[in-house]
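> Sequence below, structure please.
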Amino acid sequence: MTTHTPTTPARLSDEAVIPLRTLDPAADLNDLDDLDDLDWLDDAIGDARVVAIGEGAHYNRESYELRHRLLRRLAERHGFSAYAMETGFTEGRRTDAWVRGGDDRLDEIMASGLTSLTGLWRQMGAHLEWMRRHNATADRPVGFYGIDLGGQNASLIPALDAVLAYLPQADPGFRIDPALRETATAFAATSAFAAPATMAVYAQLPAGTKDALTAALAGLAERMKGRRLEYVRRTTAEDYECALRSMRHVLTLDSVIRGMTGGDQQTVLYNRDAEIAGTVEWILRRHERIVLAAHNGHVQRGPATLPGMDPVTPLGMHLADRLGADYLVIGATLGTGHMLNSDAAAFQAGALFAPMEPPRPGSLDALMHASHDGLFATDLRRLSPHDAAAVRDATVQRAGLGEHYSPVRALDAYDVLVHLPHVTGADPDKAALACSPPEVREVFSAYEADQGV
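Down below sits the predicted model:
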């Protein structure tokens, strides 16, 4: 009779493990003299101008807290002065005004100044509150920037309205055909939950209407580009640049919506990430050093893959190509817990999170999970040959979409990894939800009822 001995999971050596004591963003202030578990970060960043912090899935409490804590360290000790996040660019300008001392209410900012549900969590609110407190006394304030297309990646209206609000002063004799906004309004998603329905509306528009919309947007963009000197003279260079950036996002989002409704998902990802990269570079013209927060699949230096699709070029590959050593990537791996529900129908019905299976054997997540019992980091550039080989053998990584795993070459994709051994859903913010559209309140009400909140 043949017996089979269970295979011992691969693990990193103890020398590769840098234990982290906490995710509490305030820990460094409460225990500054004794807490040295982020010293590795000081060494790792070097002279990088962009430090990207990835996440394995959206809306996890631990991801929000990690990014918050790392931003504090980078702002307070290393002069980073911008936080660029995977949320709408145009909407993010309102959030930036608030963290710099603006008069809006925080709950309204969380509901409307961040997109795709990213602002509706208490952990995000605490992050913004810290930025505002920091900026009230800091010699070098930290600005907030959205980098994404906005409008829940489904509606042209927020960015288009920003352009239309700018033009009367910049181009007072110009009159835009009202049909432009009327067409865009027909599929104006108010939230991530409304996006599928509005996409269906766009899909049913006559081809001539879609073509006319695309042509009108392209013509408007060219007009704004060609009259730059006149526009700057009548307004300011910064107002012009912000309006033109919003216009760029309108054009790209129009192409994304066309692709999504036409079945061309690959072009959607190519176009979106290329535009996001352009926005990061736009921010870099205003700040010497920035923190970038987005999903692993966006920030990694290597092709991104979604289920059933060929690899595409993500944001991180664009930035690595343009910035070289000035771009540093901190990826995240996940152990157990709950992540964003990949079942679209269940998500829309209020089951926002779903249980995670243990990491798949042979994956990067499994390697990290077997290497240490708690929260830890590892610097992939300083591994022993044995540890580097173990990382090289882990050829897939959890993608944050159910149990889908994407191919990864971690030694190329990331500089540092942080392992979150157990993740949970972030905590909904009731005040922000009260300021949200009805369909958002309805879905979150179902979620909280299921959680017994």
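> Only C-alpha atoms from now on, for both contacts and neighbour counts.
Noted.
> Test my guess that Met247 contacts Ala221.
Yes. Counting by C-alpha atoms under 8 Å, Met247 does reach Ala221; the two are 6.3 Å apart.
> between the two, who's got more neighbours?
Looking at Met247 and Ala221 with other C-alpha atoms under 10 Å, you find the greater number of neighbours at Met247, namely 27 against 19.
> Could you say which helix or strand holds the more buried one?
Met247 belongs to helix 237-262 when assigned by DSSP states H and E.
> try Ala44
Following DSSP H and E, one finds Ala44 within helix 39-45.
> any idea how far that helix is from the chain center?
Using C-alpha atoms, centre = their mean, to the nearest Å, the distance from the centre of helix 39-45 to the centre of the chain it belongs to is 23 Å.
> Would you mind pulling the contact partners of that helix?
With contact meaning C-alpha atoms under 8 Å, 6 or more residues apart in numbering, helix 39-45 is reached by Ile18, Val51, Leu328, Asp379, Val416.
> which element follows it toward the C-terminus?
The element immediately downstream of helix 39-45 (helix or strand, assigned by DSSP H and E) is strand 50-53.
> tell me the average confidence for that following strand?
The predicted model assigns strand 50-53 a mean pLDDT of 98.
> That one: which residues count as buried?
Using 16 or more other C-alpha atoms under 10 Å as the test for burial, strand 50-53 gives Val50, Val51, Ala52, Ile53.
> do stretch 381-390 as well
Under the neighbour-count criterion of 16+ other C-alpha under 10 Å, stretch 381-390 has Leu383, Asp387, Ala388, Ala390 buried.
> Off-centre distance for it?
29 Å.
> One more: stretch 329-340?
Relative to the chain's own centre, stretch 329-340 is displaced by 14 Å; criterion: C-alpha atoms, centre = their mean.
> Put the alpha carbons of that stretch into CSV.
The C-alpha coordinates for stretch 329-340 follow below in CSV (Å, rounded to 0.1, in the frame of the first residue of the first chain):
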residue,chain,number,x,y,z
VAL,A,329,5.3,49.3,-6.5
ILE,A,330,4.1,47.9,-3.2
GLY,A,331,1.8,45.0,-4.0
ALA,A,332,-0.7,43.3,-1.6
THR,A,333,-1.5,39.6,-1.1
LEU,A,334,-4.4,38.2,0.8
GLY,A,335,-4.9,35.2,3.1
THR,A,336,-8.4,34.5,4.3
GLY,A,337,-11.6,36.5,5.1
HIS,A,338,-14.1,38.2,2.8
MET,A,339,-13.6,40.1,-0.5
LEU,A,340,-15.7,42.0,-3.0
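> Rebuild the buried residues of stretch 381-390 as CSV, extending it with distance to Glu76, pLDDT and secondary structure.
What follows is the buried residues of stretch 381-390, written out as CSV (distance: C-alpha to C-alpha, whole Å; pLDDT from 0 to 100; DSSP: H, G, I helix; E, B strand; the rest coil):
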residue, distance to Glu76, pLDDT, secondary structure
Leu383, 28, 98, coil
Asp387, 33, 98, helix
Ala388, 32, 98, helix
Ala390, 35, 98, helix
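> can I get these in CSV with distance to Leu205?
Converted to CSV, the buried residues of stretch 381-390 look like this (distance: C-alpha to C-alpha, whole Å):
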residue, distance to Leu205
Leu383, 55
Asp387, 55
Ala388, 53
Ala390, 52
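> now, among the residues you listed, which is nearest to Leu334?
When these are compared for distance to Leu334 (C-alpha to C-alpha), Ala390 comes out closest, at 17.3 Å.
> ok, back up a step: including distance to Ile257, could the buried residues of strand 50-53 go into a markdown table?
Converted to a markdown table, the buried residues of strand 50-53 look like this (distance: C-alpha to C-alpha, whole Å):
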| residue | distance to Ile257 |
| --- | --- |
| Val50 | 29 |
| Val51 | 30 |
| Ala52 | 27 |
| Ile53 | 28 |
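> ok, of the residues you listed, which one's closest to Ala10?
The closest of these to Ala10 turns out to be Ile53 (C-alpha to C-alpha; 25.2 Å).
> longest strand anywhere in this protein?
If each strand of the chain is counted by residues according to DSSP state E, the longest one is strand 327-340.
> Direction included, what does it pair against?
Partners of strand 327-340 in the sheet, by DSSP bridges, are strand 50-53 (parallel), strand 353-355 (antiparallel), strand 416-423 (parallel).
> Show me what counts as buried in the shortest one.
For strand 353-355, a neighbour-count test (16+ other C-alpha under 10 Å) marks Phe353, Ala354 as buried.
> Residues touching it, excluding its own?
Taking contacts as C-alpha under 8 Å, 6+ apart, the residues outside strand 353-355 that touch it are Gly337, His338, Met339, Leu340, Asn341, Ser342, Phe347, Gly402, Gly425.
> and if you look at the first one?
Identification of contacts with strand 50-53 by C-alpha under 8 Å, 6+ apart yields 45, 67, 289-294, 296, 299, 326-332.
> Mark which of those residues are buried, thanks.
The neighbour count (16+ other C-alpha under 10 Å) marks 45, 67, 289-294, 296, 299, 326-332 as buried among these.
> Quick one: distance of the following helix or strand past the longest strand of the chain to the chain centre.
Moving toward the C-terminus from strand 327-340, the first helix or strand encountered (DSSP H and E) is helix 344-348. Between the mean C-alpha point of helix 344-348 and the mean C-alpha point of its chain there is a distance of 21 Å (C-alpha atoms, centre = their mean).
> buried stuff in helix 344-348?
The neighbour-count check on helix 344-348 (16+ other C-alpha under 10 Å) flags Phe347, Gln348 as buried.
> Between the buried residues of strand 50-53, which sits nearest Ser63?
Ile53 (9.2 Å).
> Is Leu292 in a helix, a strand, or coil?
For Leu292, the reduced secondary structure class is strand; criterion used: DSSP: H, G, I helix; E, B strand; the rest coil.
> Tell me which residue is most central in this structure.
Ranked by distance to the mean C-alpha position of the chain (C-alpha atoms, centre = their mean), the top residue is Glu86 at 2.4 Å.
> Stretch 104-116: which residues count as buried?
Applying a neighbour-count criterion of 16+ other C-alpha under 10 Å, the buried positions in stretch 104-116 are Leu106, Asp107, Glu108, Ile109, Met110, Ala111, Ser112, Gly113, Leu114, Thr115, Ser116.
> Rebuild these as TSV, extending it with secondary structure.
Rendered in TSV, the data for those read as follows (three-state DSSP):
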residue	secondary structure
Leu106	helix
Asp107	helix
Glu108	helix
Ile109	helix
Met110	helix
Ala111	helix
Ser112	helix
Gly113	coil
Leu114	coil
Thr115	coil
Ser116	coil
